[in-house]
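K.L.:
sharing a model prediction with you, sequence too.
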Amino acid sequence: MKDRDCRVESCSFECPGICRIGFSCPALVEEAGPGQFVMVEVSDGPLPAARRPFTLSSVSKSKGIFEIVFEVKGPGTSSLASSAPGRSCRVMGPLGRGYETSADRWLLVGGGLGAAGFPFLAASVRSARVLLGASCSDALVRTGGEAEYATEDGSAGRRGLVTDLLDGLDLASFDAIAVCGPTPMMKAVVEAVPDDLRPRVQVSLESRMGCGWGACGGCAIPASAGGYLKCCVDGPVVTAQAVDWSRMGGGLV
Amino acid sequence: MKDRDCRVESCSFECPGICRIGFSCPALVEEAGPGQFVMVEVSDGPLPAARRPFTLSSVSKSKGIFEIVFEVKGPGTSSLASSAPGRSCRVMGPLGRGYETSADRWLLVGGGLGAAGFPFLAASVRSARVLLGASCSDALVRTGGEAEYATEDGSAGRRGLVTDLLDGLDLASFDAIAVCGPTPMMKAVVEAVPDDLRPRVQVSLESRMGCGWGACGGCAIPASAGGYLKCCVDGPVVTAQAVDWSRMGGGLV
Amino acid sequence: MKPRIEASLWGRDFGNPLMLASGTCGYGTELLEAGLLGDAAALVTKATTARPREGNAPPRIADTRFGLLNSIGLANPGAEQVVESLLPEMAFAPCAVIVNVAGETLEEYRRVVGILERSEVHVGYEINVSCPNVSAGGMAFGTDPACVAEITRLVRSSTGRPFSVKLTPNGGDIVEAAKMAEGEGADAVTVCNTFLGMKLDWRTGRPVLSRGAGGYSSPALLPLVTARVWQVASAVGIPVIASGGVWWGEDVLELRAAGASMVQLGTAVLRRPSRISEILLEMRTLLEGS
Amino acid sequence: MKPRIEASLWGRDFGNPLMLASGTCGYGTELLEAGLLGDAAALVTKATTARPREGNAPPRIADTRFGLLNSIGLANPGAEQVVESLLPEMAFAPCAVIVNVAGETLEEYRRVVGILERSEVHVGYEINVSCPNVSAGGMAFGTDPACVAEITRLVRSSTGRPFSVKLTPNGGDIVEAAKMAEGEGADAVTVCNTFLGMKLDWRTGRPVLSRGAGGYSSPALLPLVTARVWQVASAVGIPVIASGGVWWGEDVLELRAAGASMVQLGTAVLRRPSRISEILLEMRTLLEGS
Ligand SMILES: Cc1cc2nc3c(=O)[nH]c(=O)nc-3n(C[C@H](O)[C@H](O)[C@H](O)COP(=O)(O)OP(=O)(O)OC[C@H]3O[C@@H](n4cnc5c(N)ncnc54)[C@H](O)[C@@H]3O)c2cc1C
Ligand SMILES: Cc1cc2nc3c(=O)[nH]c(=O)nc-3n(C[C@H](O)[C@H](O)[C@H](O)COP(=O)(O)OP(=O)(O)OC[C@H]3O[C@@H](n4cnc5c(N)ncnc54)[C@H](O)[C@@H]3O)c2cc1C
Ligand SMILES: Cc1cc2nc3c(=O)[nH]c(=O)nc-3n(C[C@H](O)[C@H](O)[C@H](O)COP(=O)(O)O)c2cc1C
Ligand SMILES: Cc1cc2nc3c(=O)[nH]c(=O)nc-3n(C[C@H](O)[C@H](O)[C@H](O)COP(=O)(O)O)c2cc1C
Ligand code: FES
Ligand code: FES
């Protein structure tokens, strides 16, 4: 576990409520893989008591910069979103297991901020087709390359859910399927994939985290083998089959 | 009890570690008398849990500005000292009983920051002779008008304690004697005043305060009549005789 | 239950659940004079004992980084004086007045209530078996369920007015104590008094407060109070009055969701009396937005 | 006693009093690998039970404005696994290893210690009678002095290694519990485990943690822990290990002034493992300046 002071290089709103921050840290960027995450300290004092986890959204090895993209939700993200360039934050990472990227042809299915990590993933694999869902066009995270959209209000792409974009797709033509988004969306996507293709599905999970480095046991994800996985060290990316979806509930674990 | 948002008009260091802030608040200035104090909120959130009390150091009725002068000690005063003009602070006041100013000829005896309130007092009475003591010249609070000094290291005025400046003074020539400073200094001054002149002595007390407006009973000062005075409503200025000096201890109550 | 602002206690309907906590609003006279009581449902006076009490030697207050320690020691003018001069000043207060009662012996509780019964001003009592700042009585009573039961019985036999028993989080079993109070006829329980806390000067090794430990209040204690309110509200049928940790309107809504009928503001009012109306506004805004 | 950095426990001298608290450093393997254990005197492992435990259903963590709620539920791989694979990894750790032991029944404590005795790696035990996150055992044992005595007796009869009994602040009488532990042969007491706390979503009325209440830790609790350390240290002759509320070097000095021999860091290490060395540096600076 590496912990370093990283300088905020840029901080701007991607769209209302969604912020993008670029941090400079060549050493971290060097080690990072797609799907891994960082734990960011929001203040230098003891509060808030926990760091906030964010997926690595994109990295530039040449500039030594990595970006996170996040929705402003509570105190932690609002404080981060008001960072001025030059601010220094303690950042631990890269953490966790990212995507297993040996496959060639990828389908990336993201819901809301679940797409935050797709630019890094798309840049790391041979070919990637990207499907994105969100409530409205404002909530769609830009992933850099081309993408097909579904919005609940129809304000961008197709009106409907991201699963609707799966209709008629030949899923077997992809070697790997990456899924990231709210639990109900991930469940729906996993169910839409035929049994024999399930082993190709990698999901990127979220959970409330105490530490991010395996010490506290706070980040439990129900495992299909019984018991729990630790999201922070066994994940956040795991195969869809490793998760016991029936115990996942509808919300955040 | 009046509570208002006051704008910081000026904030500067008087000398190392001693800060002077000017607040604009015509209504507060209008009501204020010398020796009264204000309770200043150091932050808008719930912490620190208590306000910080400061004597009104000087007021300008024409500009509607009052000043406080304080030593930077802990978190409260350091936060205040870093105020930029334009900052708005919630300030309650004027609070407490100030000096009874009907007398003509005053002797003002101050130790350290105890002299903070003297400019306002001196400006409110017919004539005032000012004696100030401090550890060194840097710690001497400017009181505006003329003053005689004693410093422990001799770096300004006489080397010694402020009580040394009383030697040879005809105390009976003053109608009123105001004393403010650390408890041991106030004790020493009060003891140096002959019994028959004691009723002329008014001391300005300090105590840890919970509220400043009489509600909590936190600011107890041992009373000569037995029991305790409330520093915030019975004081902070009381006659020397009202205090049970034997129970005052050496430090802050 | 849907979140709401209206509240009721002891057959009275209030526009909101805000009560001012004992010891943080004196006898209400200062706030009344300042016109700040209009938005409160009720106020609880400083603890009142049979005879006047001077209180503890100073220092009685210590500000810690994250909260406030107090060691007032039940300083009050005594029940006679309260009946003769303080309660009459509150006769036309715009909020209900509740008198907080303390004693060094079980018998003293009965005496205090007996004296206070002569006043018509207050609508009821809060029986303080939980003061952390006295050596006799106080918290020691509150941690012993048998004492809680006995004091409740004595008070019940002395008044027809409703009363709440204010419990301690500093030992014993707060759920058990609440059940005892209910069993002996209390009309509510207040959960809870301050937590025992201490600050030391590490250079000298000496505590800052003259009595060593004191009562600690802090907005950071809200989760502790929420848990205790939830536990107690699940165990008794009488109303639970929450006390501790409130600064924002959201905190009040959370404590009500945990089962509190009314919610007290203590340290927040000491620090900024206008929190009463500010919190109310925050609650309204939150409920409109939800 | 003059403030100092050096510390000793159970006949061992340490360069400093810092221990890593149970449940916030796993079994030490991650910190060892990261090279972060060099500045700690000792670490206490996650609570270990006789058989593997899955722990509670998620959510297990909730960040409140001023602290952290956890409800892990003693998830651990079980004593056998700890002896076979985890403790051996720590054999050459630069700090002492202490195993935290929990059980659902009194008898389980003896069984766990019995299994753990096979390892030579750990220097002693911390007996956890205070976990707020399990329905059987845990905190319920700690609030009952007779249980504390019985568990201490069972453990004493199972090992010659020194052990500390980790007490709860959530009910009962912590001083009484400490005396019981001392009376039955404990070599220290740890004061204290987390405080019972809860966070609710007021919109839905539902607790955030799956089990409702959890254990609350916060730097704002330091005064509560200081008071309890002071009370216990004044009442027993065995060493007191302080646990709770530490973020700054100053906090460690304050807890030692209150009577603690050693001081644990929990949430601070979860949040920032480098606090171990940062705190040490802060202590040095403060002591040089004093
Ligand atoms: C591995 C991982 C990667 C993530 N990557 C991203 C990302 O790239 N972009 C993004 O917008 N969000 C991401 N999240 C969620 C993000 O961490 C939370 O939205 C954020 O912590 C909320 O903090 P807050 O203080 O603003 O909100 P608060 O509501 O105050 O948060 C309170 C607590 O709840 C936790 N929490 C709240 N929401 C979540 C959530 N959805 N997942 C996990 N914990 C949560 C926080 O960590 C915090 O401890 C990720 C979460 C995990 C576990
Ligand atoms: C009526 C009155 C008038 C005062 N006027 C002045 C003034 O004009 N100039 C000035 O420099 N100081 C004055 N003081 C003292 C000043 O209030 C404290 O120095 C200040 O509150 C310290 O706050 P802090 O957060 O910096 O220090 P901290 O050490 O963090 O303070 C912690 C707590 O102790 C209290 N405290 C600390 N020192 C004192 C003290 N000497 N008196 C009372 N409470 C204290 C604080 O109010 C606070 O609650 C006055 C005090 C009183 C009671
Ligand atoms: C200065 C002070 C004095 C108090 N005095 C009393 C008292 O006399 N009787 C009582 O029952 N509670 C007393 N309390 C406890 C409060 O009524 C309240 O229960 C506690 O402060 C928790 O609420 P808070 O977090 O809103 O302050 C006192 C609290 C403070 C801060
Ligand atoms: C996530 C988490 C898990 C914990 N697990 C245990 C445990 O298994 N056994 C135990 O005795 N204490 C456990 N504790 C309590 C800590 O060891 C420590 O006593 C407490 O957190 C107070 O210290 P702190 O304020 O430094 O965090 C846990 C605390 C946290 C935050
Ligand atoms: S967040 Fe602590 S173990 Fe995963
Ligand atoms: S400070 Fe509260 S009564 Fe004086």
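P.N.:
Structure's in. What do you need? Ligands and ions are numbered 1, 2, ... in the order given.
K.L.:
gap between the residue of the stretch 101-250 of chain C at minimum distance from chain A and C:Arg275?
P.N.:
Nearest residue of the stretch 101-250 of chain C to chain A, counting by C-beta to the nearest C-beta: C:Ala220, 8.6 Å away. In short, each C-beta sits where N, CA and C put it, glycine included. From C:Ala220 across to C:Arg275, the span is 17 Å (C-beta to C-beta, to the nearest Å).
K.L.:
tell me the secondary structure at C:Arg110.
P.N.:
Following DSSP: H, G, I helix; E, B strand; the rest coil, the label given to C:Arg110 is helix.
K.L.:
which of C:Ala220 and C:Arg275 has more neighbours?
P.N.:
Using other C-beta atoms under 10 Å in any protein chain shown, the more surrounded residue of C:Ala220 and C:Arg275 is C:Ala220, with 27 against 23.
K.L.:
from what I can see the residue of the stretch 101-250 of chain C closest to chain A touches D:Gly67, true?
P.N.:
Yes. With contact defined as C-beta atoms under 8 Å, C:Ala220 reaches D:Gly67; the gap is 5.9 Å.
K.L.:
alpha carbons of stretch C:189-199, in CSV - could you do that?
P.N.:
Taking Å, rounded to 0.1, in the frame of the first residue of the first chain, the C-alpha atoms of stretch C:189-199 are listed here in CSV:
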residue,chain,number,x,y,z
VAL,C,189,-37.8,9.7,29.8
THR,C,190,-35.1,12.1,28.6
VAL,C,191,-32.2,10.4,26.8
CYS,C,192,-29.7,11.5,27.9
ASN,C,193,-27.6,13.8,30.1
THR,C,194,-24.0,14.7,29.2
PHE,C,195,-21.3,12.0,28.9
LEU,C,196,-18.5,11.9,31.5
GLY,C,197,-15.4,13.5,30.0
MET,C,198,-12.1,15.0,31.0
LYS,C,199,-9.4,17.2,29.7
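K.L.:
that stretch vs chain B: in contact?
P.N.:
No. On the criterion C-beta under 8 Å from any C-beta of the partner chain, stretch C:189-199 is out of touch with chain B, staying 11.5 Å away.
K.L.:
what does chain C put close to chain B?
P.N.:
C:23-26, C:30-31, C:33-34, C:46, C:54-68, C:70, C:72, C:75, C:217-219, C:247, C:267-274.
K.L.:
could you chop chain A up by domain?
P.N.:
A:3-95, A:105-247 (automatic domain parsing).
K.L.:
so the shortest one, near ligand 1 or not?
P.N.:
Yes. Using C-beta under 6 Å from any ligand atom, we find that domain A:3-95 touches ligand 1 at A:37, A:50, A:52-55, A:68-71, A:73-77.
K.L.:
coming back round to it: need the overlap of contacts for C:Ala220 and D:Gly67.
P.N.:
Taking C-beta atoms under 8 Å, 6 or more residues apart in numbering or on different chains as the contact rule, C:Ala220 and D:Gly67 both touch D:Ser218, D:Ala220, D:Leu221.
K.L.:
strands of the stretch 101-250 of chain C, residue ranges please.
P.N.:
Assigned by DSSP state E, counting those that start in this stretch, the stretch 101-250 of chain C shows strands spanning C:124-128, C:163-167, C:188-191, C:195-197, C:200-201, C:206-207, C:214-217, C:240-243.
K.L.:
quick one: the ones you listed as JSON lines, columns for mean pLDDT, mean neighbour count and distance to B:Pro184 too.
P.N.:
Output for the strands of the stretch 101-250 of chain C, formatted as JSON lines (pLDDT from 0 to 100; neighbours: other C-beta atoms under 10 Å in any protein chain shown; distance: least, C-beta to C-beta, whole Å):
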{"stretch": "strand C:124-128", "mean pLDDT": "98", "mean neighbour count": "28", "distance to B:Pro184": "38"}
{"stretch": "strand C:163-167", "mean pLDDT": "98", "mean neighbour count": "29", "distance to B:Pro184": "41"}
{"stretch": "strand C:188-191", "mean pLDDT": "98", "mean neighbour count": "31", "distance to B:Pro184": "43"}
{"stretch": "strand C:195-197", "mean pLDDT": "97", "mean neighbour count": "28", "distance to B:Pro184": "30"}
{"stretch": "strand C:200-201", "mean pLDDT": "97", "mean neighbour count": "18", "distance to B:Pro184": "18"}
{"stretch": "strand C:206-207", "mean pLDDT": "96", "mean neighbour count": "18", "distance to B:Pro184": "18"}
{"stretch": "strand C:214-217", "mean pLDDT": "98", "mean neighbour count": "28", "distance to B:Pro184": "26"}
{"stretch": "strand C:240-243", "mean pLDDT": "98", "mean neighbour count": "30", "distance to B:Pro184": "40"}
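K.L.:
to chain D, which of those strands lies closest?
P.N.:
Using C-beta to the nearest C-beta, the strands of the stretch 101-250 of chain C put strand C:195-197 closest to chain D, at 3.4 Å.
K.L.:
so what secondary structure elements neighbour that closest one?
P.N.:
Packing contacts for strand C:195-197, counted by 3 or more C-beta pairs under 8 Å, 6 or more residues apart in numbering or on different chains; DSSP states H and E, involve strand C:214-217, helix D:222-235.
K.L.:
out of those, deepest packed?
P.N.:
For the helices and strands packed on strand C:195-197, the largest average neighbour count (mean count of other C-beta atoms under 10 Å in any protein chain shown) is found in strand C:214-217, namely a mean of 28.
K.L.:
hmm, who's touching that one?
P.N.:
Counting by C-beta under 8 Å, 6+ apart, B:49, C:60, C:62, C:64, C:67-71, C:131-133, C:193-198, C:244-245, C:266-267, D:223-224, D:227 sit against strand C:214-217.
K.L.:
now the helix or strand where A:Ser78 lies: buried residues?
P.N.:
Using DSSP states H and E, A:Ser78 sits in helix A:75-81. For helix A:75-81, the neighbour count (16 or more other C-beta atoms under 10 Å in any protein chain shown) marks A:Gly76, A:Thr77, A:Leu80, A:Ala81 as buried.
K.L.:
following element in sequence after that helix, please.
P.N.:
Remark: after helix A:75-81, the chain's next helix or strand is strand A:88-95, criterion DSSP H and E.
K.L.:
show me which positions of that following strand end up buried.
P.N.:
Buried residues in strand A:88-95, counted by 16+ other C-beta under 10 Å: A:Cys89, A:Arg90, A:Val91, A:Met92, A:Gly93, A:Pro94, A:Leu95.
K.L.:
just checking, what packs against the helix or strand just after it?
P.N.:
Once strand A:88-95 ends, the next helix or strand along the chain (criterion: DSSP H and E) is strand A:105-111. Helices and strands touching strand A:105-111, by 3+ C-beta pairs under 8 Å, 6+ apart, are helix A:118-124, strand A:127-134, strand A:176-180, helix A:183-192.
K.L.:
can I get those in a markdown table with distance to ligand 5 and mean pLDDT?
P.N.:
Converted to a markdown table, the helices and strands packed on strand A:105-111 look like this (distance: least, C-beta to the nearest ligand atom, whole Å; pLDDT from 0 to 100):
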| stretch | distance to ligand 5 | mean pLDDT |
| --- | --- | --- |
| helix A:118-124 | 21 | 95 |
| strand A:127-134 | 27 | 93 |
| strand A:176-180 | 18 | 97 |
| helix A:183-192 | 17 | 94 |
